[in-house]
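Q: everything below, folded, please.
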Amino acid sequence: MLRGYTVKALVRKADQEVVDMLPRSVEIAIGDVGDPDAVKAAVEGCNKIIYCATARSAITGDLNRVDYQGVYNATKAFQDYNNKLAQLRAGKSSKSKLLLAKFKSVDSLNGWEIRQGTYFQDVIAAKYDGGMDAKFEFMETGDAVFSGYVFTRGGYVELSKKLSLPLGRTLDRYEGLVLSVGGNGRSYILILEAGPSADTTQSKMYFARISTKVGFCRVRVPFSSFRPVKPDDPPLDPFLVHTLTIRFEPRRQRPIDGPTGTQQDLRSFKLIMEYIKALPTGQETDFILVSCTGLGIEPTRREQVLKAKKAGEDSLRRSGLGYTIIRPGPLKEEPGGQRALIFDQGNRISQGISCADVADICVKALHDSTARNKSFDVCYEYVAEQGKELYELVAHLPDKANNYLTPAMSVLEKNT
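A: As a prediction, the model looks like this:
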């Protein structure tokens, strides 16, 4: 509040005790994070979100409702609100995504080509015919479904289309792709072909592996995660991308959780496709999630808590929003700015941290471009026991006179 922000707080109950804890200038919205309608109403008028809700019990239902479903509700409501603003601004909002494909009718399947192939040329003659099949069709349910099977050793099937971007739009203005898909939880390879559009023989191919879940999910794929098929090729230049391919192959498929005793044929797949969009390059974080490291939680409930927290984190990463995920050590009710802080991504911290310090990190991360799309642990500075100095810790002293967060974030990996 002292830094000039207009703040809205979503509280579960408007108890007098809760109201008295908040400054009078804070707008209060009443509702549960597990209620999509309540969250939708709360995000109206907001351009940043800090999510610090946590379940009060270790009951699986409570953990799922707050730490996973609540995060999902908040990201979806925030995206819907931004999309509504973008439509009012004729798509000129800086947060507007570029629609590459939307599968809403039979005509939307035009231009998509199904191909088959194998990595082992010596088995084509013996096993290619009848060993695999795939189809892409628009169902009576209104779903566009890419499905089939691959029984051939080293075989694959893929769905491919040459992209047609609006005049004046190029993918170098975007930072990645987001796919809204459903199905039976298989993993796929996303392939981008890049090169001069006038001579596709000069094109180079880049790939990234993506995982889906049973049911619908959003999959975020940063351009930085694509690797060249040929190791000697240069890094991907999104400006030159002209073709997108989704490939299924039985290799590296993992069984999904299901009823005990059920058999899963990992050589078959079903991918329901809703849309593919390009994510705009952003300079700042849209959504800050305060998670946890697991320290200070009773061992008997730690696994349950971390599982729910991880599900919430994954949901945020897949959302397409610019995010910062903060995992503080055990929180302490004491003044902030008194001790140096450790920022790390190795799940190795062992100390607590002041709630005030975590709040300061959240506020600073809102407008620090180096914090965008990063996850990290943070705690008070400490000295490792002799003989256990496995790595070097870099401490940063919180100081309102300087921005300690930028140097701390600049050395951390992105898209984590």
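Q: next SSE downstream of the helix or strand bottoming out on mean pLDDT in the chain?
A: Among the helical and strand segments of the chain, the one scoring lowest on mean pLDDT, DSSP states H and E is helix 124-127, with a mean of 48. Using DSSP states H and E, the helix or strand that follows helix 124-127 towards the C-terminus is strand 132-138.
Q: buried set for that following strand?
A: By neighbour count with 16 or more other Cβ atoms under 10 Å, strand 132-138 contains the buried residues 132, 134, 136, 138. For the C-beta atoms, the positions are set from N, CA and C on the backbone; glycine is no exception.
Q: now it: average pLDDT?
A: Per-residue confidence for strand 132-138 averages out to 92 on the pLDDT scale.
Q: which stretches in this structure count as helices?
A: With DSSP state H, the ranges of helices along the chain come out as 16-21, 36-43, 60-63, 70-88, 124-127, 299-318, 355-365, 405-410.
Q: what residue ranges in the chain score low on pLDDT?
A: 1-4, 87, 89-96, 120-130, 257-263, 383-402 (pLDDT under 70).
Q: hmm, 50 instead?
A: In the predicted model of the chain, residues 123, 125, 127-129, 260-261, 390-392 satisfy pLDDT under 50.
Q: count the neighbours of Ser197 for me.
A: By other Cβ atoms under 10 Å, the residues close to Ser197 number 13.
Q: not counting sequence-adjacent ones, nearest residue to it?
A: With Cβ to Cβ, 6 or more residues apart in numbering as the criterion, Ser197 has its nearest non-adjacent residue at 5.2 Å, and that residue is His242.
Q: hmm, that neighbour is touching Ala194, no?
A: Yes - here His242 lies in contact with Ala194, judged by Cβ atoms under 8 Å, at a distance of 6.8 Å.
Q: the more surrounded of these two?
A: Neighbours were tallied for His242 and for Ala194 using other Cβ under 10 Å; the higher tally belongs to Ala194 (23 against 17).
Q: show me the beta-bridge partners of that one.
A: For Ala194, the residues forming beta bridges with it (DSSP bridges) are Lys204, Val241.
Q: how close does it get to Glu249?
A: Summarising the geometry, the distance separating Ala194 from Glu249, computed by Cβ to Cβ, to the nearest Å, is 22 Å.
Q: picking that back up, pull the most distant pair out of the buried residues of strand 132-138.
A: Taking every pair in those and measuring Cβ to Cβ, the maximum separation is 22.0 Å, between Met132 and Phe138.
Q: turn the helices of the chain into JSON lines, including mean neighbour count and distance to Leu179.
A: Putting the helices of the chain into JSON lines (neighbours: other Cβ atoms under 10 Å; distance: least, Cβ to Cβ, whole Å) gives the following:
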{"stretch": "helix 16-21", "mean neighbour count": "10", "distance to Leu179": "40"}
{"stretch": "helix 36-43", "mean neighbour count": "18", "distance to Leu179": "22"}
{"stretch": "helix 60-63", "mean neighbour count": "16", "distance to Leu179": "27"}
{"stretch": "helix 70-88", "mean neighbour count": "19", "distance to Leu179": "14"}
{"stretch": "helix 124-127", "mean neighbour count": "12", "distance to Leu179": "31"}
{"stretch": "helix 299-318", "mean neighbour count": "18", "distance to Leu179": "9"}
{"stretch": "helix 355-365", "mean neighbour count": "20", "distance to Leu179": "27"}
{"stretch": "helix 405-410", "mean neighbour count": "18", "distance to Leu179": "28"}
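Q: now Lys40. Nearest residue, chain neighbours left out?
A: In space, Lys40 comes closest to Ala77 once its chain neighbours are excluded; the distance is 4.3 Å by Cβ to Cβ, 6+ apart.
Q: the one you found and Arg218, how far apart?
A: If you measure Ala77 against Arg218 using Cβ to Cβ, the figure is 14 Å.
Q: got it, and Ala55?
A: Separation of Ala55 from Arg218 (Cβ to Cβ) stands at 23 Å.
Q: then Pro238?
A: Distance from Pro238 to Arg218, counting by Cβ to Cβ: 20 Å.
Q: so what sits against both of His242 and Ala194?
A: Ser203 (Cβ atoms under 8 Å, 6 or more residues apart in numbering).
Q: please, where are all the strands along the stretch 151-300 of the chain?
A: Listed from the start of the chain, the stretch 151-300 of the chain has strands (DSSP state E, counting those that start in this stretch) covering 155-162, 174-183, 187-194, 204-211, 217-222, 227-228, 241-248, 268-280, 287-290.
Q: nearest to Leu88, of those strands?
A: Counting by Cβ to Cβ, Leu88 lies closest to strand 268-280 out of the strands of the stretch 151-300 of the chain; the figure is 16.8 Å.
Q: okay, the angle between that closest one and strand 241-248?
A: Following axes from the mean of the first three to the mean of the last three Cα atoms, to 10 degrees, one obtains 150 degrees for the angle between strand 268-280 and strand 241-248.
Q: and for strand 268-280, what's in contact with it?
A: Contacts made with strand 268-280 from outside it, assessed by Cβ under 8 Å, 6+ apart, are listed as 94-103, 143-149, 171, 173-184, 186, 188, 212, 216, 220, 244, 246, 248, 320.
Q: likewise for stretch 60-68?
A: 32-34, 53-57, 304-305, 307-309, 311-312, 315.
Q: 7 Å instead?
A: Contacts with stretch 60-68, where a contact means Cβ atoms under 7 Å, 6 or more residues apart in numbering, come from 33-34, 53-56, 304-305, 308-309, 311-312, 315.
Q: first-to-last residue distance for it?
A: 11 Å (Cα to Cα, to the nearest Å).
Q: how far off centre is it?
A: If you compare the mean C-alpha spot of stretch 60-68 with that of the full chain, they lie 19 Å apart, counting by Cα atoms, centre = their mean, to the nearest Å.
Q: how about stretch 175-184?
A: Between the centre of stretch 175-184 and the centre of its chain there are 10 Å (Cα atoms, centre = their mean).
Q: quick check: buried residues in it?
A: When neighbours are counted by 16+ other Cβ under 10 Å, the buried residues of stretch 175-184 are found to be 175-184.
Q: from those, pick the one nearest Arg153.
A: With Cβ to Cβ as the yardstick, the closest approach to Arg153 among the buried residues of stretch 175-184 comes from Asn184, at 21.9 Å.
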